[in-house]
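Enquirer: A structural model of the following input is requested.
(one chain, ligands or ions: 2)
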Amino acid sequence: MVREVPLEVRLPATHELAIGTELEGVIVRDYGLWFDVQTGAGIVRCTLRGILKRERVKTDLAAVGDRVRVSVASLETDPPEGSIEEVAPRTRSLSRLARGTDDVEQVILANPDQLLAVFAIEEPSPSPRMIDRMLLIAEARDLPAVVCFNKIDLDAAELLGELTERFTMAGYPVLQTSAESGEGLDELRAHLQDKITAFAGPSGVGKSTLLNALAPDIDARTGEVSDATGKGRHTTTWVQLFQIAPDTYIGDTPGMRQIGLWGVEFDYLDEYFPEFQPYLGQCRFRDCRHLSEPGCAVLEALEAGKLHRDRYDSYRALIGGDEEDLG
Ligand code: GDP
Ligand code: ZN
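Expert: Ligands and ions are numbered 1, 2, ... in the order given. A predicted model of the protein is given here:
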């Protein structure tokens, strides 16, 4: 099957660049002292302007996903070089505590709009509990989540139907794709449009293959970009963004496991199960944990078939503080 590549991806850089030209863009890679900024005129490799370095000490000054304004400083190099003049305030971020500190935030991805939880329907078989934990991480960070089952070309229709129902009942959009055959990719593309999406999921489920199918010009496995200067040899961060269309970025997020459940308030676990929402506050006891309490609205909904039994069992397992196996 021939896949159609959206025209925009192939658009060449049309801007006439000059020294001092100012451009807006998004940081897509972080090399420590240098940052690659994706602009409408291609990548500009930037340092942080001195004045910026004195601000925001409790978090990273600039991180992958940040929207920035850059000024071009040199056209002799490939990519051109410049400096980051301004970093826009973050809407939200995926972050963790910087090692060896108790109050410094290390940003893994700034401004994510959503999380795409990618799992294979087979090879490797998906673990619904692992998916639940990933969704919990997203909920705890107010990050909308979408479930994507890849490898639907493998014959697993029955399981696909069951799991799709399980997560649809919980209120999540569920996508079904095959990076191999191209099935479902248009719908996936539509979900990604104009957003920064963090791809997360266990290895082997097809994240790189999906990325390559969405943006065939990119080698997702190596993340290779033009690097004549040698300044971009070592990425220091967990994540890099790939632009697949204008204003549309995908970040492969190998750091998801390390973000883990840091910051998740286990007392409020029920609030992280969106399908429980209509029943919360309706239980007889205000501090009801929905385990075996009389007059529990969640248990009543479960008995009435309004909640998926296995999602509820997953909630019970998580309330026991089960933090393993985040994928
Ligand atoms: P990642 O670790 O999540 O990045 O997974 P990869 O993209 O490296 O894919 C792992 C393996 O699954 C590779 O051998 C791919 O060719 C294969 N694969 C990826 N997507 C599909 C798919 O949709 N169908 C099938 N049958 N195989 C796939
Ligand atoms: Zn209850």
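Enquirer: Could you find the closest non-adjacent residue to the closest residue to ligand 1 within the stretch 1-150 of the chain?
Expert: Using C-beta to the nearest ligand atom, the single residue of the stretch 1-150 of the chain nearest to ligand 1 is N150, 5.0 Å away. The C-beta positions use only the backbone N, C-alpha and C, and glycine is treated the same way. Leaving aside its chain neighbours, N150 sits nearest to G206 (4.3 Å; criterion: C-beta to C-beta, 6 or more residues apart in numbering).
Enquirer: and that neighbour, what does it touch?
Expert: 118, 120, 150-151, 179 (C-beta atoms under 8 Å, 6 or more residues apart in numbering).
Enquirer: Are any of these buried, and if so which?
Expert: Buried residues within the contacts of G206, counting neighbours by 16 or more other C-beta atoms under 10 Å: 118, 120, 150-151, 179.
Enquirer: Now do stretch 33-44: distance from first to last residue.
Expert: 14 Å (C-alpha to C-alpha, to the nearest Å).
Enquirer: just to revisit the earlier point, so which of the buried ones among the contacts of G206 sit within strands?
Expert: With DSSP state E as the criterion, strands contain 118, 120, 150 from among the buried ones among the contacts of G206.
Enquirer: for the residue located most distally from the centre of the chain, phi and psi?
Expert: Distance from the centre of the chain peaks at P294, with 39.2 Å (C-alpha atoms, centre = their mean). Here is the backbone geometry of P294 (degrees, to the nearest 10): phi -70, psi 150.
Enquirer: wait, doesn't it sit right on E300?
Expert: No - at 10.5 Å, P294 does not count as touching E300 under the criterion of C-beta atoms under 8 Å.
Enquirer: Contacts only, for the residue positioned nearest the centre of the chain.
Expert: Most central in the chain under C-alpha atoms, centre = their mean is A198, positioned 1.4 Å from the mean C-alpha point. A198 makes contacts with 94, 109, 112, 114-116, 143, 239, 251, 253, 256, as judged by C-beta under 8 Å, 6+ apart.
Enquirer: ok, now with 7 Å
Expert: Shown in contact with A198 (C-beta atoms under 7 Å, 6 or more residues apart in numbering): 94, 109, 112, 115-116, 251, 253.
Enquirer: ok but it is inside a helix, no?
Expert: No - the assignment for A198, made by DSSP: H, G, I helix; E, B strand; the rest coil, is strand rather than a helix.
Enquirer: Tell me the spacing between it and S95.
Expert: The spacing between A198 and S95, counted by C-beta to C-beta, to the nearest Å, is 12 Å.
Enquirer: first to last residue in stretch 277-294, what's the distance?
Expert: Using C-alpha to C-alpha, the end-to-end distance of stretch 277-294 comes to 19 Å.
Enquirer: Go ahead and name everything in contact with that stretch.
Expert: By C-beta under 7 Å, 6+ apart, the residues outside stretch 277-294 that reach it are 270-271, 295-299, 301, 316, 319.
Enquirer: let's see it at 6 Å
Expert: Contacts of stretch 277-294 with the rest of the structure, by C-beta atoms under 6 Å, 6 or more residues apart in numbering, involve 270, 295-298, 301.
Enquirer: Buried residues in that stretch, which are they?
Expert: Neighbour counts over stretch 277-294 (16+ other C-beta under 10 Å) mark 279, 283, 288-290 as buried.
Enquirer: so what pLDDT did the residue of the stretch 201-327 of the chain found nearest ligand 1 get?
Expert: Across the stretch 201-327 of the chain, the shortest distance to ligand 1 (C-beta to the nearest ligand atom) belongs to G206, at 2.9 Å. The per-residue pLDDT reported for G206 equals 94.
Enquirer: how far away is it from N212?
Expert: Going from G206 to N212 by C-beta to C-beta gives 10 Å.
Enquirer: got it, and K58?
Expert: Taking C-beta to C-beta, one finds K58 at 37 Å from N212.
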